[in-house]
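Q: fold the following and give me the result.
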Amino acid sequence: ILGMLLRSSTVVGCPIGLAGPQRATINACVQVERTLPQRLRQPEVAIATGVTLLLALVANRLVTEDLLNSQSRADLIGTIAPIVLILDALTALDITPKEAEPVPLIGKEINWVRSGLTWETRSELEWAVETLRTCTSCTSLALFYANETVLLRGFFAPSVDASVTTVQPGPLLRKCISKLSGAPDYLPALQLLPGRIEFEYLPEDTQALLMLSLGSQSGALILGADRARAFNNDDVALGRAIAPP
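A: Prediction:
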């Protein structure tokens with residue numbers, strides 16, 4: 001998708017090589033109808049069902065005048081099922097921390113693509129960039145390839161002059177680029193790291209940073225965000241689908 005460089009570019013290829021079916025796969029949202037057992041296994045539904053059953057058992061005991069030993073044993077056994085149901089739902093419940101508040105970024109908006117790229121390459125780049133900006137929380141996006149800046153989109157530092165030398169790789173970016181496996185580097189709290197000074201082309205208050213290596217292609221996608229912990233596993237998966245190693 002953002003995989004092999006298009007060698008047809010007049011100056012240098014761009015890490016986009018997207019086939020129609022692949023693009024359709026990412027763009028499509030397939031809705032699968034859940035069966036009744038699958039719906040009951042949803043954490044929220046399971047908790048509500050378990051609580052309802054427990055309340056029903058309590059109400060039954062309250063309205064029963066003559067309580068038999070057999071009924072007590074039945075009630076005891078009956079409480080096991082809703083308790084197990086609730087505990088199973090609690091273990092499956094996705095409890096996420098509260099999202100950090102966005103921080104106003106001081107900078108300027110840049111929409112720049114290096115010259116010399118073919119129309120097809122530019123159109124693939126535009127699609128990839130818009131997909132990432134729409135589906136993730138990134139506010140700044142840079143594409144670095146073959147020791148040159150290929151694309152800048154979003155907010156950048158006020159002093160940035162868009163050119164092929166805008167992105168100057170430091171230790172963190174070089175480490176990411178060197179990963180042939182394409183493993184991403186995620187800095188969820190960029191402001192706490194002294195190494196953030198190497199990303200001087202981003203707004204000073206950038207809160208989170210995600211670097212996606214292009215593997216053997218000697219490049220990386222750099223995504224910045226205006227709030228801490230802005231990127232999740234789905235964002236990383238989408239980025240790697242668009243820019244596989």
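
Q: flag every buried residue along stretch 112-128.
A: Trp112, Val113, Arg114, Leu117, Thr118, Thr121, Arg122, Glu124, Leu125, Trp127, Ala128 (16 or more other C-beta atoms under 10 Å). Quick note: C-beta positions are derived from backbone N, CA and C, even for glycine.

Q: the fourth one and Glu124 touch, don't they?
A: It stands for Leu117. No - in this structure, Leu117 is not within contact of Glu124 by C-beta atoms under 8 Å, at 9.6 Å.

Q: relative to Val167, how far out is Leu141?
A: Note on Leu141: its distance to Val167, by C-beta to C-beta, to the nearest Å, is 11 Å.

Q: so where's the longest helix in the chain?
A: helix 69-92 (DSSP state H).

Q: so which elements touch that one?
A: Contacts defined by 3 or more C-beta pairs under 8 Å, 6 or more residues apart in numbering; DSSP states H and E place helix 69-92 against helix 43-63.

Q: buried set for the helix it packs on?
A: With burial defined by 16+ other C-beta under 10 Å, the residues of helix 43-63 counted as buried are Pro43, Ala46, Ile47, Thr49, Gly50, Leu53, Leu54, Leu57.

Q: I'd assumed Leu90 was in contact with the third one.
A: It stands for Ile47. Yes - using C-beta under 8 Å, Ile47 makes contact with Leu90 at a distance of 7.3 Å.

Q: just name the shakiest helix or strand of the chain by mean pLDDT.
A: Least confident helix or strand, the chain: helix 20-27 with a mean of 51, by mean pLDDT, DSSP states H and E.

Q: follow-up on the earlier one: counting neighbours, go ahead and name the busier of Leu141 and Val167.
A: Using other C-beta atoms under 10 Å as the criterion, Leu141 and Val167 rank with Val167 on top: 25 against 22.

Q: how about that one, secondary structure?
A: coil (DSSP: H, G, I helix; E, B strand; the rest coil).

Q: if I look at it, how far off is Leu187?
A: Val167 is 16 Å from Leu187, by C-beta to C-beta.

Q: what does Leu105 give?
A: On the measure of C-beta to C-beta, Leu105 and Leu187 end up 16 Å apart.

Q: then Glu120?
A: Applying C-beta to C-beta to Glu120 and Leu187 gives a distance of 33 Å.

Q: quick one: pLDDT of the residue in the chain sticking out farthest from the centre?
A: Distance to the chain centre peaks in the chain at Asp66, reaching 58.7 Å (criterion: C-alpha atoms, centre = their mean). Asp66 is assigned a pLDDT of 75 by the prediction.

Q: that one should be in a helix, yeah?
A: No - secondary structure of Asp66 (three-state DSSP): coil, not part of a helix.

Q: so where do the strands sit in the chain?
A: With DSSP state E applied, the chain shows strands at 108-113, 138-145, 148-156, 185-187, 208-213, 219-225, listed in chain order.

Q: got a markdown table for those strands, with distance to Glu99 and mean pLDDT too?
A: Listed next are the strands of the chain as a markdown table, based on distance: least, C-beta to C-beta, whole Å; pLDDT from 0 to 100:
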| stretch | distance to Glu99 | mean pLDDT |
| --- | --- | --- |
| strand 108-113 | 23 | 93 |
| strand 138-145 | 15 | 93 |
| strand 148-156 | 19 | 94 |
| strand 185-187 | 16 | 90 |
| strand 208-213 | 11 | 92 |
| strand 219-225 | 11 | 92 |
